[in-house]
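Student: with the input below, show me the fold.
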Amino acid sequence: MLKLGEILGYAPIDIHSHFNHGVPGDDNNPAIDEIHHKDIPFLLSEYDNVGIEFGVFSTFSSVLRSDRIVEENEYLYDISQSNESIYQWVVVHPKQEETFEQARKMIGRGKVLGIKLQPYQHQYMINDYADKIFSFANELGTVVLMHPDSVEDMAGFCDNYPNMKLIIAHLGSSEHIRAVERSKIGNIYLDTSGGASYLNNVIEEACSRIGADKILFGTDTYSCAFQAGRIAFARISDEDKRKILRDNAVRIFSQAFGG
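Tutor: Got it, this is the predicted structure:
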């Protein structure tokens, strides 16, 4: 089977994904269903089919349930050590101090690349806690991946923390693009994960306004073949495609991906 990575001449890096592993009693988090498989073996087989080299994960249970964050962070830490394709986001909740301690211990060790935030599912407003979380990330000099809540407000917070970077997930609106445009110090980025990348000019508009250097490839466990193809066949230059699919991840996470 011909792989997209072979056609392109380089292997994409998925900086935003999740998996399920059949947490007992979690009716909203099955390991698989009939038409959307979400377990690790299936996702890694898809990576192999497409030619994706690495993925950066948090478990679905950690982002959908605030009561399992600590356990799920530890579970994924162990999984990542035994699989060369899997890297980790450590999920932090602003009302759970133990998650901050986990992040402090994990980031920069093993294969933990930064912090994952999920305000909506964890039932808090990011504007109420952005300074607490971003100052912590700034202290660690790390990257934060955030579900897109209060997108346009983020520049006002991030400008105060030059030693951290924020990736706002699910590029799919002008608000995403404006958040990057409003950043005075340039530490806000976007990822292409989720279903919004089907919009027929969103990648092209973002590249024309903020440049491909500010965009990273992610899947969010949707079809990685569709999502990688969306970038590979976008109406942007080959150089910009490579930046989005691989080079930006290598540059931002050079300690992991050998930049």
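Student: so, low pLDDT: which residues of the stretch 151-259 of the chain?
Tutor: For the stretch 151-259 of the chain, the stretches with pLDDT under 70 are 259.
Student: list of residues touching stretch 190-208?
Tutor: 15-17, 145, 167-174, 176-177, 179-180, 210, 214-220, 222, 227, 230-231, 234-236, 240, 244 (Cβ atoms under 8 Å, 6 or more residues apart in numbering). Heads up, the C-betas are built off the backbone N, CA and C, glycines and all.
Student: how does it look with 7 Å?
Tutor: Contacts to stretch 190-208, defined as Cβ atoms under 7 Å, 6 or more residues apart in numbering, come from residues 15-16, 167-172, 176-177, 180, 214-220, 222, 227, 230-231, 234-236, 240, 244.
Student: and for stretch 126-144?
Tutor: With Cβ under 7 Å, 6+ apart, stretch 126-144 has contacts from 92, 94, 100, 104, 107, 113-115, 117, 119, 146, 149-150, 153, 157-158, 161, 163-167, 252.
Student: show the buried residues in those.
Tutor: Among the contacts of stretch 126-144, those classed as buried by 16 or more other Cβ atoms under 10 Å are 92, 94, 100, 107, 113-115, 117, 119, 146, 149-150, 157-158, 161, 164-167, 252.
Student: in helices, which of these fall?
Tutor: 100, 119, 157-158, 252 (DSSP state H).
Student: report the distance from stretch 145-157 to the chain centre.
Tutor: Centroid separation between stretch 145-157 and its chain, computed with Cα atoms, centre = their mean, to the nearest Å, is 14 Å.
Student: how far does that stretch stretch from one end to the other?
Tutor: This stretch, stretch 145-157, spans 15 Å end to end (Cα to Cα, to the nearest Å).
Student: which residue, other than its chain neighbours, is closest to Met146?
Tutor: Spatial nearest neighbour of Met146, chain neighbours left out: Leu117 (4.4 Å); criterion: Cβ to Cβ, 6 or more residues apart in numbering.
Student: try Ser183
Tutor: Among residues not flanking Ser183 along the chain, Ala155 sits closest, at 4.5 Å (Cβ to Cβ, 6+ apart).
Student: OK, contacts around that neighbour?
Tutor: If a contact means Cβ under 7 Å, 6+ apart, then Ala155 has 179, 182-183, 188 as its contacts.
Student: backbone phi and psi for it, please?
Tutor: Here is the backbone geometry of Ala155 (degrees, to the nearest 10): phi -60, psi -40.
Student: and it, how far from Arg251?
Tutor: Counting by Cβ to Cβ, to the nearest Å, the gap from Ala155 to Arg251 is 21 Å.
Student: what does Leu4 give?
Tutor: Distance, Leu4 to Arg251, by Cβ to Cβ: 21 Å.
Student: likewise Glu175?
Tutor: In this view, Glu175 and Arg251 are 25 Å apart by Cβ to Cβ.
Student: and for Leu190?
Tutor: Distance, Leu190 to Arg251, using Cβ to Cβ: 15 Å.
Student: and the helices in the stretch 151-259 of the chain?
Tutor: 154-158, 174-182, 202-210, 224-232, 238-242, 248-252, 254-257 (DSSP state H, counting those that start in this stretch).
Student: mind listing what's buried along the shortest one?
Tutor: So the one you mean is helix 254-257. Neighbour-count burial for helix 254-257 flags 256-257 (criterion: 16+ other Cβ under 10 Å).
Student: just the buried subset of the contacts of stretch 190-208, please.
Tutor: If we count by 16+ other Cβ under 10 Å, the contacts of stretch 190-208 have these buried: 15-16, 167-172, 176-177, 180, 214-220, 222, 227, 230-231, 234, 236, 240, 244.
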